[in-house]
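Asks: show me how the following folds:
(one chain, ligands or ions: 1)
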Amino acid sequence: MVKICCIGAGYVGGPTMAMIALKCPLIEVAVVDISVSRIAAWNSDQLPIYELGLEEVVKQCRGKNLFFSTDVERHVSEADIVFVSVNTPTKTQGLGAGKAADLAYWESAARMIADVSKSNKIVVEKSTVPVKTAEAIEKILTHNSKGINFQILSNPEFLAEGTAIQDLLNPDRVLIGGRETPDGQKAIQALKAVYAHWVPEDRILTTNLWSAELSKLAANAFLAQRISSVNAMSALCEATGADVSQVSHAVGEDTRIGPKFLNASVGFGGSCFQKDILNLVYICECNGLTEVANYWKQVIKVNDYQKNRFVNRVVSSMFNTISGKKIAILGFAFKKDTGDTRETPAIDVCKGLLGDKARLSIYDPQVTRDQIQRDLSMNKFDWDHPIHLQPMSPTAVKQVGVTWDAYEATKDAHGVCIFTEWDEFKTLDYKKIFDNMRKPAFVFDGRNIVDVEKLREIGFIVYSIGKPLDPWLKDMPAVA
Ligand code: NAI
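Replies: Predicted structure coming up:
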């Protein structure tokens, strides 16, 4: 029986390993983490992350061939294949701060693998890492290896939160990079055999190590670039009377471009896009490629611009002051069908609104009050963001209202901002919401999910990103 161990029981480690356990009943999979609370949650009825279909998969395998444990060293030492899926956040101090990936968790995992291993192992980079990380990992492992053979593979994960189980069941591709030596190729084949239990062979791509590492950064950069491109267009649409949905539809019908990932919004979020692009920028700078670095940096700058623009639009529409006005926030997660709030645009926009002294009342079906308060009080690292305002004082954060009901959040509000495209926000009783709001009542739709005409008929003044402006908004000061 092949034994797999995965270090890091997070958004990637948990679902990925659950899928391997489901599809490979003869493989024993242990997911380990230093976080006692996270492992306890994986072993309970309340999983630590929300993903459609995840609970069913975990329940089917847990205790049979899928185990969650804090006994990191034992499971690593027993495994044939060790995945490393620890977090690789942006460095906040020292050389490369604000851009480079912090590999401290990775290095500590690698040193531990070297310390506890008594047999040959395949070590798989599942985390997103800078290109050439495998070389550093190889050095750490071989210098401490006591004669054990380690083969390093890069197997970046392409799942998207919110659709993780579907993405894992039916991936567009699985990418495995390894050394071009006989041992390297043998390791690639061993990992390929695991995925081949359910992924068609032609969708399992094999490359050299550096291509696999760089492909993950490149894929995220391309995806984020599409969003920033359409968001940049949305500003021009508002200035000219074009409608960004019509423009992106017309553009996306070109088969060379394709229709996906072309929705204008308040900005992209999530733990990966910004972090991975900054990492890419840093690698380009280290290689003397200033023009290339500046090209990718612009993707993040446009994302910041879009969040800033949204704050300015809200303030300028409401007579240039939101001081003391209640504003309802619908949605805080960075996208629908997840409770993840890492780098959600809601954080920056809420901070902007609070900076202008608004009173906020926030509702998200999957995000708790504690999480929202933690996010708003967090001191984010300022790379060169104009949007990054001072962290909120704990007292100010405590005054932010958080409710479990959209109607309560919007009661007596002057305006409603929509930050997450949850399906339930499309079918709210907006007439009821309007009747209970102060007048004039504003809706600022940061995800373009409401029926603008219907809401205008009810009496709302509606701002929808990149759509022809409400006559009311046209008369207000220009927003840059
Ligand atoms: P996460 O923060 O949810 O999980 C990482 C886990 O690793 C944490 O539970 C932490 O306690 C654990 N950990 C850290 N150091 C450890 C150590 N030495 N020993 C044992 N456990 C340790 O992170 P997430 O979102 O799962 O991301 C992991 C990696 O996958 C990152 O590099 C990320 O960029 C990448 N990735 C994330 C995707 C996502 O959608 N979240 C998608 C694709 C890649």
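
Asks: counting contacts, what elements does the lowest-mean-pLDDT helix or strand in the chain pack onto?
Replies: Of all the helices and strands that make up the chain, helix 394-398 has the lowest average by mean pLDDT, DSSP states H and E, namely a mean of 75. Using 3 or more C-beta pairs under 8 Å, 6 or more residues apart in numbering; DSSP states H and E, the elements in contact with helix 394-398 are helix 369-377. Backbone N, C-alpha and C define where each C-beta goes, glycine included.

Asks: in the least confident helix or strand of the chain, what counts as buried?
Replies: residue 397 (16 or more other C-beta atoms under 10 Å).

Asks: tell me which helix or strand comes right after that helix.
Replies: strand 401-403 (DSSP states H and E).

Asks: for that following strand, what is the distance to the chain centroid?
Replies: 23 Å (C-alpha atoms, centre = their mean, to the nearest Å).

Asks: kindly report the same for stretch 100-109.
Replies: The answer for stretch 100-109 is 19 Å, by C-alpha atoms, centre = their mean.

Asks: same question, stretch 274-290
Replies: Using C-alpha atoms, centre = their mean, the offset of stretch 274-290 from its chain centre is 19 Å.

Asks: give me the contacts around that stretch.
Replies: Stretch 274-290 is contacted from outside by 88-90, 96, 98-101, 128, 130-131, 216-218, 220-221, 224, 268, 292-293, 296-297, 299-300, 303, 343, 383, using C-beta atoms under 8 Å, 6 or more residues apart in numbering.

Asks: residue 237: neighbour count?
Replies: Using other C-beta atoms under 10 Å, the number of residues around residue 237 comes to 23.

Asks: confirm it sits in a helix?
Replies: Yes. Assessed by DSSP: H, G, I helix; E, B strand; the rest coil, residue 237 belongs to a helix.

Asks: excluding chain neighbours, what is closest to residue 159?
Replies: Counting by C-beta to C-beta, 6 or more residues apart in numbering, residue 159 lies nearest to residue 167, which is 4.1 Å off, once chain neighbours are set aside.

Asks: return the residues in contact with that neighbour.
Replies: Residue 167 sits next to 158, 159, 160 when contact means C-beta under 8 Å, 6+ apart.

Asks: likewise residue 307?
Replies: Going by C-beta under 8 Å, 6+ apart, residue 307 touches 266, 267, 345, 348, 349, 352, 387.

Asks: ok, now residue 10?
Replies: Residue 10 touches 33, 38, 49, 85, 86, 87, counting by C-beta under 8 Å, 6+ apart.

Asks: tell me which two in those residues are the farthest apart.
Replies: Greatest spacing in the contacts of residue 10, by C-beta to C-beta: 49 and 86 (15.5 Å).

Asks: which one of the two is surrounded by more residues?
Replies: Per other C-beta under 10 Å, whichever of residue 49 and residue 86 has more neighbours is residue 86, with 24 against 19.

Asks: distance check, the residue nearest to residue 213 when sequence neighbours are not counted against residue 82.
Replies: Excluding the flanking residues, the one nearest residue 213 by C-beta to C-beta, 6+ apart is residue 131, at 4.4 Å. Residue 131 sits 21 Å away from residue 82, going by C-beta to C-beta, to the nearest Å.

Asks: follow-up on the earlier one: filter the contacts of stretch 274-290 down to the buried ones.
Replies: Of those, these count as buried by 16+ other C-beta under 10 Å: 88, 90, 96, 98-101, 128, 130-131, 216-217, 220-221, 224, 268, 293, 296-297, 299-300, 303, 343, 383.

Asks: and the ligand, which of these contact it?
Replies: 88, 128 (C-beta under 6 Å from any ligand atom).

Asks: residue 49: what secondary structure?
Replies: coil.

Asks: ranking the contacts of residue 167 by neighbours, who comes first?
Replies: When these are compared by neighbour count (other C-beta under 10 Å), residue 159 ends up highest, at 18 neighbours.

Asks: residue 93: neighbour count?
Replies: Count around residue 93 with other C-beta under 10 Å applied: 9.

Asks: can you offset everything so residue one is 23?
Replies: Happy to do that; since the first residue is 23 now, the last one works out to residue 115.
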